[in-house]
Each structure stands twice: as structure tokens, then as C-alpha cells.
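S.K.: prediction below, plus the sequence it came from.
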Amino acid sequence: MDTEDLELETKCENLMNIVVESRKRFGKACIDYDQKMLLMENKLLNLQVETVSNYRFKPKNAVPNIDENSSKDLDDLCVEITEKQRRMEEVMRKLKNTHEVIMQLDADVIGRKLRAPLTADTMLAQAKAKKVQT
């Protein structure tokens, strides 16, 4: 039986060596296949990019030619826009100043008295209220 075991063991070892060698060859083939596949994908992508970059797109609307009159109109429009922007900034500054004055008047006692209606009845009522307090 020992000879049979030895013979069986050598057969198993030979089979294992064959499996290992076939795995090595199959692994190398897989690596080569992956590299070739990546190379082909890159070539296809480069071809697509090249094709797209060489394609001339046609616009839906033709771009008008800009002559001197239209450039002058554009310059006038730019000047008008900057003028209106400057005026808007000036209005904003004046509005801010007015708002500050209103806030000061709200806080001011004299401002409150000036806002009170000046009729004879109110003046009499104020005088009576002062007289009663003293």
C-alpha cells in the first residue's frame, strides 16, 4: 500500500503543479486581456473626442455682424446704464441719510412734541395737565 500511496501522492502533486501552472498562464492571459481592453477603450475614447472636436456645429440663429453703428449703440447703452446706476446709488445714499434723520427724530423729545397736533384744544389740555401736576 505504501507504493500505491506514493504513486497516488506523486499523481496528486503532478496534478497540483498542473493547476498552479494553468492558473499562472490564465492570470497572465487575464492581465494581457485587461491591458488590451483598456488600450482599445482609450483609442475609442480618443477617436470619439477627435470626431467631436472636428465636428462643426451649426448655430440655430445666425450671429449678426456687428458694425460701427451697433457698437456705438452698445457704447451708448453702457454709458446710460452706468449713469442710471450712479443715480440709483445717489438715491440710496439720500434715502439712508433720510432714514437716519427719521430715527434721530423718533428718539428726540423735541421731535415728538413737534409732531403733536397744534390745536387750541390740545394746548389747553396740556396746560391743564401741567397745572394739575403742580
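M.R.: Right, received. Where do you want to start? What you see is a predicted model; the values in this text were computed from it and never measured.

S.K.: toward the C-terminus, what is the element adjacent to the helix or strand encompassing Leu38?
M.R.: Using DSSP states H and E, Leu38 sits within helix 2-54. Per DSSP H and E, the first helix or strand lying C-terminal to helix 2-54 is helix 68-107.

S.K.: chain center to that following helix: distance?
M.R.: Distance, stretch centre to chain centre, for helix 68-107: 29 Å (CA atoms, centre = their mean, to the nearest Å).

S.K.: now for it, which elements pack on it?
M.R.: Contact partners of helix 68-107 among helices and strands, from 3 or more CB pairs under 8 Å, 6 or more residues apart in numbering; DSSP states H and E: none. Where C-beta positions appear, they are placed from N, C-alpha and C, glycine not excepted.

S.K.: for it, the averaged confidence score.
M.R.: For helix 68-107, mean pLDDT is 87.
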